[in-house]
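> coordinates only, sequence not included:
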């Protein structure tokens, strides 16, 4: 066949389309003017001709580049195994702290998201107006939580939520920055005493990062009231607090000089004010910094600043009780980009560079969060507030770090959990294999066999080795006649005969002993 | 305070907005023209005034109805526990059959979805063109799988994929029909011998439905080649095969008379042809029907029909070996709506009505799938085919059935897994509680305490009872002085003193014994 519909030549295609359409008309005419039985042969001929022209379905040829949307990716079985293992560990920590699980739709009414994310709102994905409601993809899990609490009139909840969120950002995929990415959020909603829940969020982050074993980290903390007080003390107009905050937030990636310029030129802050801010934001430390700031001439006279500093003082005290104070860095340059924070804010940062795609890279922030006491009220018709504090684990960054370890061979994962492979040692044993598989499945044993009628012995053994399947049942005619089957250990290649009716029992015992020595290859 | 920004009165609001804006200007002017220290008092006064007018952030009042988008819902902790339990069971079966896990993005290039779903394409959610690629939300997990296989050049894969898909359908939420819903897909891709993988898919469905214990079901099977052959034999023009198939697909909800009308009036099928189809589609049965059809005068002369019937014959034989033949119904009215099927098709249907929202309802199809041998080739530039067969579990319907059981009290779930609650028996014990919590968390014990400084004893005990927490550690001053703490069993109310330094050890022993008797309330 010289012509294919998949050719990209326009002329050929048009010609083929014409031939197909003539054919269709001929078929339709023939079918409607003659009785079916008479034209059987004609139809068969036309059908076969049509099939040669590109399938009976008029399937359009592929004209686009085969890819996933910008900033997104597929997860292959190795990556999924890694991801599921990480998520299971994180969920384990969340549950240890008593969190319940909720879920919300992937999209929200656009109005729900409007006015919550400050300058980042431009990164929201909107859905097309197809008649009906105007929708956007969720940008984080915090605003949907607030909407959920207000809508369900819930005033106390400790929940976790693990789901994908969407941001039309400039992706840097090798560093784990995607447009579609998982967030793992843990939040505590309710009217409680200061910093008790806030400190627990930091404890949760610390437990998660310890358990994942991805390197050293620090937990930076700051307080929005202190930032507000600092802006006030430095002479920033109150209506520029939030936008100045957004600029400060860039300090983790941008040097002070550039941030200063943006403040002055784009945000209209006076150079004097900017310089005063510049002096504060270079400060970081621990309890001693708290004491210094409490004595600071300007800050100590600003109510908001004092509130913020006192808050940090209490937080540090609780962090000491939770055994994580050595990880905490009180850092005045930490601002967090989102508008909705009202109290303590924090961010976990890996302190060692990580090898990703053969380059040493700094992954940066891998968890962040803070207190947002006014967000739920924004959704309540009576403005009823539900104070909240929470943290979001940036698992994509964590996946990147672990995928790099996988790629370098420093780590390995098994992508299936099959315990037994049923092998035909000779031809025409498909039905016997199926019977045994059925017996093993019904006994709860993880079992596979070849989907070919007469697979080669070597291929079946190779499959077991490649997939790290520990055991095989080998079916041969002479054994079956004697009422026995062979069990083969794939690693040792040792084979033992067992009575056919003791097969399940024997396999169960072997699997149990493999599991006990952690030898079955699964994680 | 008589005015609130949340009032819906337009005049009040405009007035308030004016006052706020004047205030902002005054603030800004004051701040930029005077030195900060001088105006400290002024600023404080203005700030407090501004706060009274509705918060410092110029938060817009909520103007929209608080809801989730049409056809979607939140999952509360009870529903999530149910959902996670069901998904875990399903994943267990998938893994028992050796499936690996993959994931794909929630949206695809629109072109990937185009031409795959026939008449249902109008239900696809499109994203707004915000510059860049034209995207749509995934409609199922099958087309993304085919795109993934073609893009990654994979010709063998047994994978499962559990994720949400999106259809702008008319939701019937009480019956578990949503616009956003989970699919749990199991597919086998690769060039294998006929019906071996196909039969295993049916086995998988049957294992899942048995394990979920949601009532009696049958597995309807049919074959697209038989449908094609039947259409051909009845005199349907070949270019109307797929659209006639879509009409036949409605037979599960619509009586034959209406389906016949649609065929004739909307699809342009001749009345004679429709009547001949009508005779076939009322047929269903088992092996005996296979034999009858093989002798049918018209079908036996149609190549496609004979291929289809022979396929079903082999499938039934394998289903017998897999111990599920009594669940299978060969049903000529089963058509499946999607265009991409090429071979066997099947659907699982609950046969007993289910009580949902106090009404007996038929939930209908709860799993479906089939063979699609040409879909991957549609994405391959060289049209390289990867034959596939798979099944999708309609978990939302299953959730609905189980949620109804939950609502009726026939079933219960615990939404957290907390093992120990640390109680203050008197005031000022927050720090002591925190120290003990920290010790228990670090020992891996699932622990909570109150986030209040001085919670009431009764409230703490009540919390334990409501949340089915089995154990409490009770801290009292006299005990602490003596170096002991009390462990309380919440159900028996029995308290025992244990040495402070033996606490973790003792709790671990008690938790282990609770877990052994399945008494800790968690699932």
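Everything's here; your move. Please read all numbers here as calculations on a predicted model, not as lab measurements.
> How many residues are close by the residue lying closest to residue A:226 once chain neighbours are set aside?
Nearest non-adjacent residue to residue A:226, counting by Cβ to Cβ, 6 or more residues apart in numbering or on different chains: residue A:308, 2.7 Å away. In short, each C-beta sits where N, CA and C put it, glycine included. Burial measure for residue A:308: 25 neighbouring residues, criterion other Cβ atoms under 10 Å in any protein chain shown.
> For residue A:308, pull up the helix or strand it's in.
Here residue A:308, judged by DSSP states H and E, is contained in helix A:303-321.
> in that helix, what counts as buried?
A:304-321 (16 or more other Cβ atoms under 10 Å in any protein chain shown).
> that older thread, got a pLDDT number for the residue nearest to residue A:226?
Note for residue A:308: predicted pLDDT of 97.
> pretty sure it is touching residue A:227, no?
Yes - applying Cβ atoms under 8 Å, one finds residue A:308 in contact with residue A:227, separated by 7.2 Å.
> thinking residue A:322 is in contact with residue B:438, fair?
Yes - applying Cβ under 8 Å, one finds residue A:322 in contact with residue B:438, separated by 5.0 Å.
> the more surrounded of these two?
For residue A:322 versus residue B:438, neighbours defined as other Cβ under 10 Å are more numerous around residue A:322 (21 against 18).
> what does the model give the more buried one for pLDDT?
Listed pLDDT for residue A:322 reads 98.
> Could you count how many residues lie near the residue lying closest to it once chain neighbours are set aside?
Leaving aside its sequence neighbours, residue A:322 sits nearest to residue A:203 (Cβ to Cβ, 6+ apart; 4.5 Å). Look at residue A:203: counted by other Cβ under 10 Å, it has 23 neighbours.
> Now do the shared contacts for residue A:322 and residue B:438.
Listed as contacting both residue A:322 and residue B:438 by Cβ atoms under 8 Å, 6 or more residues apart in numbering or on different chains are residue A:203.
> Residue of the stretch 151-300 of chain A nearest chain B, please.
residue A:192 (3.6 Å; Cβ to the nearest Cβ).
> Any regions of chain A where pLDDT drops low?
Chain A contains residues with pLDDT under 70 at A:1-64, A:174, A:355-363, A:518-523.
> And the residue nearest the centre of it?
Note on chain A: the residue nearest the mean C-alpha position is residue A:182, at 2.7 Å, using Cα atoms, centre = their mean.
> which one is that residue nearest to, not counting chain neighbours?
In space, residue A:182 is closest to residue A:395, 4.8 Å off (Cβ to Cβ, 6+ apart).
> Kindly confirm my reading that residue A:88 forms part of a helix.
Yes - using DSSP: H, G, I helix; E, B strand; the rest coil, the assignment for residue A:88 is a helix.
> list the contacts for the nearest residue to residue A:476 once chain neighbours are set aside?
What sits nearest to residue A:476 in space, not counting adjacent residues and going by Cβ to Cβ, 6+ apart, is residue A:425, at 4.1 Å. Residues counted as contacts of residue A:425 (Cβ under 8 Å, 6+ apart) are A:457, A:474-476.
> Residue A:76 too?
Taking Cβ under 8 Å, 6+ apart, we find residue A:76 in contact with B:102, B:152.
> between the helix or strand residue A:202 falls within and helix A:303-321, how many degrees?
Using DSSP H and E, the element containing residue A:202 is helix A:196-212. Interaxial angle, helix A:196-212 versus helix A:303-321 (axes from the mean of the first three to the mean of the last three Cα atoms, to 10 degrees): 50 degrees.
> correct me, but residue A:365 touches residue A:346?
No - using Cβ under 8 Å, residue A:365 is not in contact with residue A:346, being 10.0 Å away.
> which one of these two has more residues nearby?
residue A:346 (26 against 17).
> how many other residues sit next to the nearest residue to the more buried one once chain neighbours are set aside?
Closest residue to residue A:346 apart from its sequence neighbours, by Cβ to Cβ, 6+ apart: residue A:221 at 4.6 Å. Applying other Cβ under 10 Å, we find 23 residues neighbouring residue A:221.
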